[in-house]
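A.B. asks: Coordinates for the following, if possible.
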Amino acid sequence: MATRRRPLINLLGFEIRFDLTWLILVALIVWTLGAGYFPVVLADLSTGTYIWMAMFGAFGLFASIILHELSHSVVGRRLGMRIKGIRLFVFGGAAEMTEEPPTPRIEALMVIAGPAMSVALAILCFAAATLLAGFNTPQPVAIVLGYLAMANAILAAFNMVPAYPLDGGRLLRAALWAWRGDLIWATRVASLIGGAFGLVLIVLGIVSALYGNLIGGMWWFLIGLFVRAAASSSYRQVLAQRILADVSVRRLMRPDPVRVTPDISVQQLTEDILLAHSLKEVPVVRGDDLTGVVGVADVKAMAASERSNRLVGDIMRPAGDRTIAIDARADEALAQMQRTTGGRLFVVTDGRLVGVLSLRDLLQHLSIRSDLQSDMKDVPSRHSFRGPADASAA
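C.D. replies: Below you'll find the predicted structure:
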């Protein structure tokens, strides 16, 4: 289950969010720099100096990661991609795309922007550190800048390893996709290489730990697990999008869902609807028109003594991005579910509620189609690439 994500800042229209696991990385980086790296590089300074060096170093590193991912996002947006935002988590950061790139050219241009930004930051920090070292600037400042130059160079180099879903692995996928014109095959090959690379990191972590580098070994081991899991899940996501691309929401939705009107009491909602039907939330309608959503969380937010006197219309929420058109594709519904909380979308036509689509419905269809068409050869793909004409048109 994904951890809860909290907003941090909005840059150029992209919301930067962080998982709570990211705080682990913050604490570890500050501790590693303040207690280990900087005292070795520059000895005999006060504890307070090492602390502020570590804090500035960590801040600079996270700013570098954000700029790396922001470069992916800005280029992707200019090329027509929809980017949800940027997510920071314990293993760094990621630009969150709502769909796969439509052509290899777009994927390659979007991918290369991140490492290019890291290389530019490494050069800039190295130049600044070299320049300041020649003046009477306090030495710790130059050391911190030197660390940031090294960190960005490592970030660029590591990301260019041709192991999916690292940037280098995505470039490899783009090349294979352009060569064979098959996104699924390209993703499978790149993800297999990514899984193998993850296994190498796991073995490296175990060996490092056995030879006394427990902390470093632990991180290599965890990063290896992450890379293997991410490679596998990314491949499954592409398969899911391919299967669902030719299926409409109309086909998978459940018609005539349980609904309520805004003029019933919250107590009646609780007893006769939520508990009686084992539902966490239901649509609110006037006639057939969808006007909002109400659920367990809304009921819990009010005192039990008020539930018999308050109406559903008083506590319902706007349906907002929880609605989807009846003729939309099922892969678009899956992407929308991933962007929103909850696993259900309310299907509408001309503002009227006509059905409900749940994540369970999509997963069941995926399971059946995967079992019946295990070779995937007869499933049409929106992500086929037919040659240079398509790439240049993009």
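
A.B. asks: only C-alpha atoms for contact and neighbour calcs from this point on.
C.D. replies: Noted.

A.B. asks: Test my guess that residue 241 contacts residue 331.
C.D. replies: Yes: using C-alpha atoms under 8 Å, residue 241 is in contact with residue 331, at 5.2 Å.

A.B. asks: nearest spatial neighbour of residue 189, skipping sequence neighbours?
C.D. replies: Leaving aside its chain neighbours, residue 189 sits nearest to residue 173 (7.7 Å; criterion: C-alpha to C-alpha, 6 or more residues apart in numbering).

A.B. asks: where does that neighbour land on pLDDT?
C.D. replies: With respect to pLDDT, residue 173 scores 93.

A.B. asks: Which residues does the helix or strand hosting it contact?
C.D. replies: Element membership for residue 173, per DSSP states H and E: helix 167-180. With C-alpha atoms under 8 Å, 6 or more residues apart in numbering as the test, helix 167-180 has contacts from 104-105, 107-108, 111-112, 114-115, 159-164, 182-183, 185-187, 189-191, 194, 385, 387.

A.B. asks: Just the buried ones from those?
C.D. replies: 104-105, 107-108, 111-112, 114-115, 159-164, 182-183, 186-187, 189-191, 194, 385 (16 or more other C-alpha atoms under 10 Å).

A.B. asks: Residue 354 sits in which helix or strand?
C.D. replies: Applying DSSP H and E, one finds residue 354 within strand 352-358.

A.B. asks: So which elements touch that strand?
C.D. replies: Counting contacts by 3 or more C-alpha pairs under 8 Å, 6 or more residues apart in numbering; DSSP states H and E, strand 352-358 is packed against strand 254-255, strand 289-295, strand 344-349.

A.B. asks: Quick one: mean pLDDT for it?
C.D. replies: For strand 352-358, mean pLDDT rounds to 90.

A.B. asks: could I get that strand in CSV with only the CA atoms?
C.D. replies: In CSV, the C-alpha atoms belonging to strand 352-358 read as follows (Å, rounded to 0.1, in the frame of the first residue of the first chain):
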residue,chain,number,x,y,z
ARG,A,352,-26.4,12.1,-14.8
LEU,A,353,-25.1,9.2,-12.7
VAL,A,354,-25.4,6.0,-14.7
GLY,A,355,-23.0,3.7,-12.9
VAL,A,356,-19.9,3.1,-10.8
LEU,A,357,-16.5,1.7,-11.7
SER,A,358,-14.3,0.2,-9.0
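
A.B. asks: Give me the angle between the next helix or strand after it and strand 344-349.
C.D. replies: The first helix or strand that comes after strand 352-358 along the chain, using DSSP H and E, is helix 359-372. Between the axes of helix 359-372 and strand 344-349, defined by axes from the mean of the first three to the mean of the last three C-alpha atoms, to 10 degrees, the angle is 90 degrees.

A.B. asks: So which residues make contact with helix 359-372?
C.D. replies: Under C-alpha under 8 Å, 6+ apart, the answer for helix 359-372 is 240, 243-244, 252-253, 330, 334, 337, 343-344, 376.

A.B. asks: who wins for neighbours among the residues you listed?
C.D. replies: Among the contacts of helix 359-372, residue 330 has the most neighbours (other C-alpha atoms under 10 Å), with 26 neighbours.

A.B. asks: re the thing from before, in helices, which of the buried ones among the contacts of helix 167-180 fall?
C.D. replies: 104-105, 107-108, 111-112, 114-115, 159, 183, 186-187, 189-191, 194 (DSSP state H).

A.B. asks: chain center to stretch 273-291: distance?
C.D. replies: How far stretch 273-291 lies from its chain's middle: 30 Å, per C-alpha atoms, centre = their mean, to the nearest Å.

A.B. asks: Cool, thanks, signing off.
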